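[1] Here you go, sequence then predicted model.
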Amino acid sequence: QVQLVESGGGLVQAGGSLRLSCAFSGRTFSTYYMGWFRQAPGKEREFVAAINWSYGSTIYTDLVKGRFTISRDSAKNTVYLQMNSLTPEDTAVYYCAADPRLVLAGWGNTRPDYWGQGTQVTVSS
């Protein structure tokens, strides 16, 4: 079993920053991928960013390129999402996800196997 626990959400003004964290525990894999999705009210869940845990390569949706950065800390089994220049359109519940087989190119159109509970991010105008 895999557990993903997000933290770091909250309320921020437009133009501000937040850093989300996702701690990974439980079953381990020789290689895996982790990432973030988000779901705004009345909208479908959408891909945000993902990272190859072993090599650190990353992929982003165009909506956040240049503003968000995904990274990982292997010693802490934690993945981060640094979010800068936030806008009200970034308001959503952000979900951490993990998958041992889903390569980065697939994250935009395939649902990973493991999910966290989500953390709310609200950006006020």
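    Noted; the coordinates are in hand. Just so it is clear, the structure is predicted and the values come from calculations on it, not from any experiment.

[2] Which strand or helix spans the most centrally placed residue in the chain?
    Central residue of the chain (C-alpha atoms, centre = their mean): residue 36, 2.1 Å from the mean position. Secondary structure assignment for residue 36, by DSSP states H and E: strand 33-39.

[3] following that strand, which helix or strand shows up next?
    Assignment by DSSP H and E places the next element after strand 33-39 at strand 46-52.

[4] Just the buried positions in that following strand, please.
    Applying a neighbour-count criterion of 16 or more other C-beta atoms under 10 Å, the buried positions in strand 46-52 are 47, 48, 49, 50, 51, 52. Using the backbone N, CA and C atoms, a C-beta is placed for each residue, glycine as well.

[5] And for stretch 3-20?
    Result for stretch 3-20 [16+ other C-beta under 10 Å]: buried residues 4, 6, 8, 9, 12, 18, 20.

[6] between the buried residues of strand 46-52, which is closest to residue 102?
    Residue 102 has its nearest neighbour among these in residue 50, at 8.4 Å by C-beta to C-beta.

[7] how about the nearest residue to that closest one, chain neighbours excluded?
    residue 35 (3.0 Å; C-beta to C-beta, 6 or more residues apart in numbering).

[8] from memory that neighbour sits against residue 52, does it?
    No: Residue 35 lies out of contact with residue 52 (C-beta atoms under 8 Å); the separation is 9.9 Å.
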